[in-house]
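S.K.: Here is my input; please provide its structure:
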Amino acid sequence: MYTVGEMLRQWRHRRRISQLDLAIAADVSARHVSLVETGKSNPSADMILRLADQLEVPLRERNRLLLAAGFAPRYVERPLDGDALSAAWGAVERVLRAHEPYPALVIDRRWNIVMTNRALDPFLADVAPDLLRPPINMLRLGLDPRGLAPRIVNLAEMRVVLRTRIARQLATAPDPELTALYEELLAPGSEDMSHAIESEVVIPMIFNFGGRELRLFSTTTTFGTPMDITLDEVAIESYYPEDAESAAYFENLVRA
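M.R.: Here you go, the predicted structure:
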């Protein structure tokens, strides 16, 4: 069991920040940071949260820091569709609906799909039923041969993109379950070890539907300054057509 000082030191090393830089950012002395990390000073709850804020520690991990120091957790975790988060849930629903006819979905920290809009439905038509049992995992859905993988023309390229993105996410907020998923689905293989991604502003995901190629790029939206663990860990993935032909495909689906 790590002490709060050891945990803070781990987060500081993970962020590659010196004690001095952390102290300046948190407006405390470098000596105090050193004393906290070595366990020679017992930090208050407010000091823990001040340092955690500068280290960009996720809310779930901030609770663990507080517990390690003997304090009660500060952040709660509530269901997104519960009464307490009804306003946030409504905002997310409006964002998803407004993005139609293009696909958009909400994922949690382990890439489980929380919510989708109707534009995603055509992509799921030929997916194996067991991949669609909750919780539906976006990584498994996209990379499993019984999922969307056979339809992704540039699958090797997308694997490299996802590997980079999730490796960055794990460096920011380690998670055993996501690590296991990464090792299962995204471990480097011979088929893409030599695959180089061209220098582009946006790398599209290219789907093949009925002989037609759809080129989509994505953006990620998160909640600003959340105080709830659920909101801190969800993100909206919105997909946009890269060309007029791809846009026309989705617009025609709506007319149909």
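S.K.: how about stretch 31-42: buried residues?
M.R.: Within stretch 31-42, the residues that count as buried by 16 or more other Cβ atoms under 10 Å are 32-34, 36-37. C-beta here means a position set from N, CA and C on the backbone, and glycine is covered the same way.
S.K.: Name the spans of the stretch 1-150 of the chain whose pLDDT lies under the cut-off.
M.R.: Scanning the stretch 1-150 of the chain for pLDDT under 70 picks out nothing.
S.K.: where do the helices sit along it?
M.R.: Along the stretch 1-150 of the chain, counting by DSSP state H, counting those that start in this stretch, helices occupy 4-15, 19-26, 30-38, 45-54, 59-68, 86-99, 138-143.
S.K.: Deepest-packed of these, please.
M.R.: Mean neighbour count (mean count of other Cβ atoms under 10 Å) peaks for helix 138-143 among the helices of the stretch 1-150 of the chain, with a mean of 20.
S.K.: Give me the buried positions along whichever helix or strand comes after that one.
M.R.: Using DSSP states H and E, the helix or strand that follows helix 138-143 towards the C-terminus is helix 155-172. Within helix 155-172, the residues that count as buried by 16+ other Cβ under 10 Å are 155-160, 162-163, 166, 169.
S.K.: How far off centre is the helix or strand just after helix 155-172?
M.R.: With elements assigned by DSSP H and E, the helix or strand that comes after helix 155-172 is helix 176-185. Put simply, helix 176-185 sits 13 Å off its chain's centre (Cα atoms, centre = their mean, to the nearest Å).
S.K.: what's the answer for stretch 232-246, then?
M.R.: That offset, for stretch 232-246, works out to 14 Å (Cα atoms, centre = their mean).
S.K.: about what we covered before: ok, of the buried residues of helix 155-172, which one's closest to G90?
M.R.: Q169 (27.0 Å; Cβ to Cβ).
S.K.: Determine the set of other helices and strands touching the top strand by length along the chain.
M.R.: Using DSSP state E to define each element, the chain has its longest strand at strand 212-221. Contacts defined by 3 or more Cβ pairs under 8 Å, 6 or more residues apart in numbering; DSSP states H and E place strand 212-221 against strand 205-209, strand 235-241, helix 244-255.
S.K.: contacts for the shortest one?
M.R.: To tie it back to what came earlier, the one meant is strand 205-209. When contacts are defined by Cβ atoms under 8 Å, 6 or more residues apart in numbering, strand 205-209 is touched by residues 122-123, 148, 151-154, 158, 213-218, 239, 249.
S.K.: The residues you listed, buried ones only, as a ChimeraX selection?
M.R.: Buried residues within the contacts of strand 205-209, by 16+ other Cβ under 10 Å, are selected in ChimeraX with:
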select :123,148,151,152,153,154,158,214,215,216,217,218,239,249
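S.K.: Nearest to L49, out of the contacts of strand 205-209: which one, please.
M.R.: Distance to L49, by Cβ to Cβ, is smallest for S218 among those, at 32.8 Å.
S.K.: Tell me the predicted confidence for the closest one.
M.R.: On the pLDDT scale, S218 is placed at 94.
S.K.: still on that earlier bit, let's have the helices and strands packed on strand 212-221 in CSV, adding mean pLDDT.
M.R.: Formatted as CSV, the helices and strands packed on strand 212-221 follow (pLDDT from 0 to 100):
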stretch, mean pLDDT
strand 205-209, 92
strand 235-241, 96
helix 244-255, 88
